[in-house]
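A.B. asks: Fold the following, please.
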Amino acid sequence: MAYEEWLDILETQGVKAKRVAKTDLVNGRGWVSTVWLGLNHQYGNGAPLIFETMVFPVDSMIEKDCQRYSTEEEAIKGHQQMVEKWSASEVPE
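C.D. replies: All right, here's what the predicted structure looks like:
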């Protein structure tokens, strides 16, 4: 995807274009967000990483966990795995 095309999508569709999934954690630990980055965050060899899941505490935008993916299908599965991981009682704060 060309940079100009990415910018056009963000300008015309905003967050709707980026948001893949968002889940508030029921244990009060925060929330999980998965977005389409649009730009490749692969800083080496391998498939492009254009989706990202992050875990945020309730009162901060400093992420607690992060994972990137190449496809939307991987991102959706990864989002659910992150929700399950951070919903588990043994995950450190």
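
A.B. asks: which stretches of the chain form helices?
C.D. replies: Using DSSP state H, the helices of the chain run over 3-13, 15-18, 72-87.

A.B. asks: measure Asp59 to Glu74 for me?
C.D. replies: 30 Å (C-beta to C-beta, to the nearest Å). (Glycine included, C-beta is placed from N, CA and C.)

A.B. asks: more crowded one of these two?
C.D. replies: Higher neighbour count among Asp59 and Glu74: Glu74, with 16 against 7, using other C-beta atoms under 10 Å.

A.B. asks: got the contact list for that one?
C.D. replies: Residues near Glu74 by C-beta atoms under 8 Å, 6 or more residues apart in numbering: Phe51.

A.B. asks: returning to that earlier point: can you tell me which of the helices of the chain the model trusts least?
C.D. replies: Sorting the helices of the chain by mean pLDDT places helix 15-18 lowest, at a mean of 62.

A.B. asks: give me every residue that touches the nearest residue to Val35 once chain neighbours are set aside.
C.D. replies: Spatially, and ignoring its direct neighbours in sequence, Val35 is nearest to Lys18 (4.5 Å; C-beta to C-beta, 6 or more residues apart in numbering). For Lys18, the contacting residues are Leu10, Val35, Trp36, Leu37, Gly38, by C-beta under 8 Å, 6+ apart.

A.B. asks: how far away is Lys18 from Asn40?
C.D. replies: Going from Lys18 to Asn40 by C-beta to C-beta gives 15 Å.

A.B. asks: quick one, what contacts Val83?
C.D. replies: Val83 is in contact with Thr23, Leu25, Val32, counting by C-beta under 8 Å, 6+ apart.
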